[in-house]
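*Asks:* From the sequence below, what's the structure:
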Amino acid sequence: RCGVEHRPVPRPPAPPPPAPQPMRGAGIDIGSRAIKLAVVEHGRVVESFRADAGHDPLGTARTLMGAATFDRILATGYGRTRFEIEFDTPTLTEIKAHARGARHCFPDAATVLDIGGQDTKVIVLGPDGKVVRFEMNDRRAAGTGRFMEMMARSLGYSLEEFALAALEAERDVAINSMCAVFAESEVVALMAKGEDRRNIALGVHQSIARRTASMIRRAGSGRPLVFCGGVAANPCLRRLLEDALQHEIRLAPDPQMTGALGAALHAADDT
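*Replies:* Next up, the predicted model:
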């Protein structure tokens with residue numbers, strides 16, 4: 001009425017919504033000898049922890065989880081069932097966990113060899129990274145980390161010394177049994193005869209390598225082959241396996257963490 005045009009005052013634009021926080025997936029591998037936990041974000045490991053399983057593996061697992069930051073966790077490994085019951089947490093088979101972890105490190109991986117504390121697994125992968133078939137040997141812990149610990153102890157070596165001693169040997173001495181009790185008796189008898197400990201150590205490694213190579217061939221494995229698990233850190237066994245198979249074996253960047261990595265990647269997928 002006064003000749004003044006009234007116009008609404010424009011409101012300032014609303015601030016953009018906050019960017020979503022990246023989701024963190026965690027994987028915990030409850031092994032017979034050690035517990036490993038990895039946390040991934042955007043496909044990268046941002047946290048990792050490991051500890052001896054000790055006499056209270058679930059207590060150790062609880063401590064590791066308390067040190068990590070994550071949105072979702074999946075458990076794998078030897079003790080995953082107990083973990084699932086205790087923490088009401090979903091689990092993933094060791095086969096799938098190691099397959100995913102190895103393929104993440106080596107996108108062209110065709111076979112995964114995992115030798116842990118209690119068993120040996122050969123996992124064959126398809127072009128898409130999915131598990132096609134696998135072989136597993138958990139009888140009498142033959143050729144596993146536990147078996148190697150017993151053989152090293154019988155010879156008076158630590159695990160690290162055991163591998164290095166075998167590399168220094170002039171020749172190998174045949175070890176016929178892969179049962180830990182009988183193999184230990186063989187080792188003691190050979191030492192009583194005055195056989196060089198290094199030669200016995202090489203004989204034990206050769207025996208494990210032959211049986212493991214047979215497992216790999218039986219599985220119909222392809223290349224590249226990725227070696228993971230705690231025993232992958234043994235340089236003598238890796239060399240003997242390469243000789244037996246007549247091709248190079250790739251070593252996972254952190255062999256003992258491969259299963260935890262695979263479980264973490266699966267957890268991140270599902271968040």
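
*Asks:* chain center to stretch 80-98: distance?
*Replies:* In terms of Cα atoms, centre = their mean, to the nearest Å, the centre of stretch 80-98 is found 14 Å from the chain centre.

*Asks:* Which secondary structure element of the chain has the lowest mean pLDDT?
*Replies:* Across the helices and strands of the chain, mean pLDDT, DSSP states H and E gives its lowest value to helix 180-192, namely a mean of 86.

*Asks:* quick one, what contacts residue 212?
*Replies:* Neighbour list for residue 212: 113, 115, 120, 143, 237, 241 [criterion: Cβ atoms under 8 Å, 6 or more residues apart in numbering]. In this view, the C-beta of every residue, glycine as well, is placed from N, C-alpha and C.

*Asks:* ranking those by neighbours, who comes first?
*Replies:* In terms of neighbours by other Cβ atoms under 10 Å, the contacts of residue 212 top out with residue 113 at 30 neighbours.

*Asks:* Please name the bridge partners of the closest residue in space to that residue that isn't next to it in sequence.
*Replies:* Spatial nearest neighbour of residue 113, chain neighbours left out: residue 227 (5.0 Å); criterion: Cβ to Cβ, 6 or more residues apart in numbering. Beta bridges link residue 227 to residue 113, residue 251 when assigned by DSSP bridges.

*Asks:* One more: residue 131?
*Replies:* Beta-bridge partners of residue 131, counted by DSSP bridges, are residue 125.

*Asks:* pretty sure it is touching residue 122, no?
*Replies:* No - with contact defined as Cβ atoms under 8 Å, residue 131 does not reach residue 122; the gap is 11.0 Å.

*Asks:* What is the strand or helix carrying residue 66 packed up against?
*Replies:* Residue 66 is located in helix 57-67, with elements delineated by DSSP states H and E. For helix 57-67, the packing partners by 3 or more Cβ pairs under 8 Å, 6 or more residues apart in numbering; DSSP states H and E come out as strand 24-30, strand 34-41, strand 44-52, helix 80-87.

*Asks:* Looking at the ones you listed, which one is packed in the most?
*Replies:* Ranked by mean neighbour count under mean count of other Cβ atoms under 10 Å, these are led by strand 24-30, which reaches a mean of 28.

*Asks:* which helices and strands does that strand pack with?
*Replies:* strand 34-41, helix 57-67, strand 72-76, helix 80-87, helix 94-105, helix 258-270.

*Asks:* Relative to residue 186, which of the ones you listed is closest?
*Replies:* Counting by Cβ to Cβ, residue 186 lies closest to strand 34-41 out of the helices and strands packed on strand 24-30; the figure is 28.2 Å.

*Asks:* thinking again about what came up before, could you give the angle of the helix holding residue 66 to strand 24-30?
*Replies:* Interaxial angle of helix 57-67 relative to strand 24-30 (axes from the mean of the first three to the mean of the last three Cα atoms, to 10 degrees): 160 degrees.

*Asks:* thinking again about what came up before, residue 131 and residue 122: who's more crowded?
*Replies:* Neighbours were counted for residue 131 and for residue 122 using other Cβ under 10 Å; residue 122 has more, 23 against 16.

*Asks:* wait, what's in contact with the more buried one?
*Replies:* Contacts of residue 122 (Cβ under 8 Å, 6+ apart): 111, 112, 113, 134, 135, 136, 215, 216, 218, 219, 221.

*Asks:* Assign it to helix, strand or coil.
*Replies:* The three-state label given to residue 122 by DSSP: H, G, I helix; E, B strand; the rest coil is strand.

*Asks:* The nearest residue to residue 103 once chain neighbours are set aside and residue 269, how far apart?
*Replies:* Spatial nearest neighbour of residue 103, chain neighbours left out: residue 129 (4.4 Å); criterion: Cβ to Cβ, 6+ apart. Here residue 129 is placed at a distance of 13 Å from residue 269 (Cβ to Cβ, to the nearest Å).

*Asks:* Residue 92 reaches residue 260, doesn't it?
*Replies:* No - with contact defined as Cβ under 8 Å, residue 92 and residue 260 do not form a contacting pair (10.4 Å).

*Asks:* Please identify every residue contacting each of the two.
*Replies:* Listed as contacting both residue 92 and residue 260 by Cβ under 8 Å, 6+ apart are 27, 76.
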